[in-house]
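Participant: below are the sequence and a predicted model; questions follow.
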Amino acid sequence: MKKYIFILLASATLGLTSCSPFNVRSDYADTANFTTYKTYKLRIDDLKLNDIDKDRVLNELSKQLQSKGLQSGENPDLIINVKANHKKITDITTTSPYGAWGWGGPFGWGIGMNRTWTSNYNEGAIIVDMVDARSNKLVWQGIGSGISVDRPKAKQKQIPEIMAEIMKNYPPQRK
């Protein structure tokens with residue numbers, strides 16, 4: 001019996017720790033040798049963010065890259081291009097009148113009404129492209145979406161979290 005309880009608790013813990021509010025994915029070139037990349041340079045041509053968010057993204061990305069053993073340099077092995085975008089999301093929620101009060105008690109005859117709510121918000125995404133500086137070819141790409149663009153306090157917390165989630169997949173683990 002103790003064995004089953006332990007397995008149940010372990011499964012619940014694993015399920016809770018692996019849940020992320022972000023949708024993160026990455027892809028890489030099979031031909032790239034990621035052990036040869038030692039230096040990088042950030043390119044932010046397409047980073048259309050306000051200055052506060054731009055600093056958050058770039059500072060966290062630099063911190064993540066350095067934790068992976070990469071150093072910033074003027075003659076880099078990798079050009080890191082960072083992009084950000086957002087899209088408008090509309091959530092529609094409808095409730096059904098199960099167990100509506102009416103004649104004859106709580107589950108008797110009566111009229112129930114559906115209720116529908118809509119909420120609109122902006123969801124942000126960050127894209128990190130790593131380009132081999134010698135061949136000028138994309139060798140790794142990480143994308144993370146699910147940032148609450150309309151809520152500054154949430155965004156302040158979420159940008160470092162999503163950058164860490166994106167960079168968790170670099171360097172890729174070959175299969």
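Facilitator: Everything's here; your move.

Participant: what about the strands in the protein?
Facilitator: Secondary structure of the chain, counting by DSSP state E: strands at 23-28, 39-43, 71-72, 78-95, 115-132, 137-148.

Participant: any chance of these in TSV, with distance to Lys157 too?
Facilitator: C-beta coordinates here come from the backbone N, C-alpha and C atoms, glycine included. Shown next, in TSV, are the strands of the chain (distance: least, C-beta to C-beta, whole Å):
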stretch	distance to Lys157
strand 23-28	16
strand 39-43	23
strand 71-72	25
strand 78-95	17
strand 115-132	13
strand 137-148	9
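
Participant: buried deepest among the ones you listed, which one?
Facilitator: Neighbour counts (mean count of other C-beta atoms under 10 Å) averaged over each of these peak at strand 137-148, with a mean of 19.

Participant: what pairs with that strand, and is each one parallel or antiparallel?
Facilitator: Applying DSSP bridges, strand 137-148 is found paired with strand 23-28 (antiparallel), strand 115-132 (antiparallel).

Participant: closest to Ser148 out of these?
Facilitator: strand 115-132 (7.2 Å; C-beta to C-beta).

Participant: averaged pLDDT, that closest one. What do you get?
Facilitator: The pLDDT scores in strand 115-132 average 84.

Participant: contacting residues around the residue lying closest to Thr93 once chain neighbours are set aside?
Facilitator: Using C-beta to C-beta, 6 or more residues apart in numbering and skipping residues adjacent in sequence, the residue nearest Thr93 is Trp117, 4.8 Å away. Applying C-beta atoms under 8 Å, 6 or more residues apart in numbering to Trp117 gives the contacts 92-94.

Participant: give me the low-pLDDT residue ranges for the protein?
Facilitator: Applying pLDDT under 70 to the chain picks out residues 1-19, 87, 89, 96-113, 121-122, 175.

Participant: again, only this time at 90
Facilitator: 1-22, 44-51, 84-125, 146-152, 154-155, 173-175 (pLDDT under 90).

Participant: Asp53 is in contact with Ile159, isn't it?
Facilitator: Yes - look at Asp53 against Ile159 with C-beta atoms under 8 Å: they come within range, at 6.7 Å.

Participant: the two - which one has more neighbours?
Facilitator: Counted by other C-beta atoms under 10 Å, Asp53 and Ile159 do not tie: Ile159 has more neighbours, with 24 against 20.

Participant: dump the residue contacts of the more buried one.
Facilitator: Per C-beta under 8 Å, 6+ apart, neighbours of Ile159: 53, 56-57, 60, 126, 147.

Participant: pull the most distant pair out of these.
Facilitator: Glu60 and Ile147 (12.3 Å).

Participant: rewinding a little: save the contacts of Ile159 as JSON lines, and put in distance to Asn85 too.
Facilitator: JSON lines is the format used below for the contacts of Ile159 (distance: C-beta to C-beta, whole Å):
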{"residue": "Asp53", "distance to Asn85": "12"}
{"residue": "Arg56", "distance to Asn85": "16"}
{"residue": "Val57", "distance to Asn85": "12"}
{"residue": "Glu60", "distance to Asn85": "18"}
{"residue": "Ile126", "distance to Asn85": "9"}
{"residue": "Ile147", "distance to Asn85": "10"}
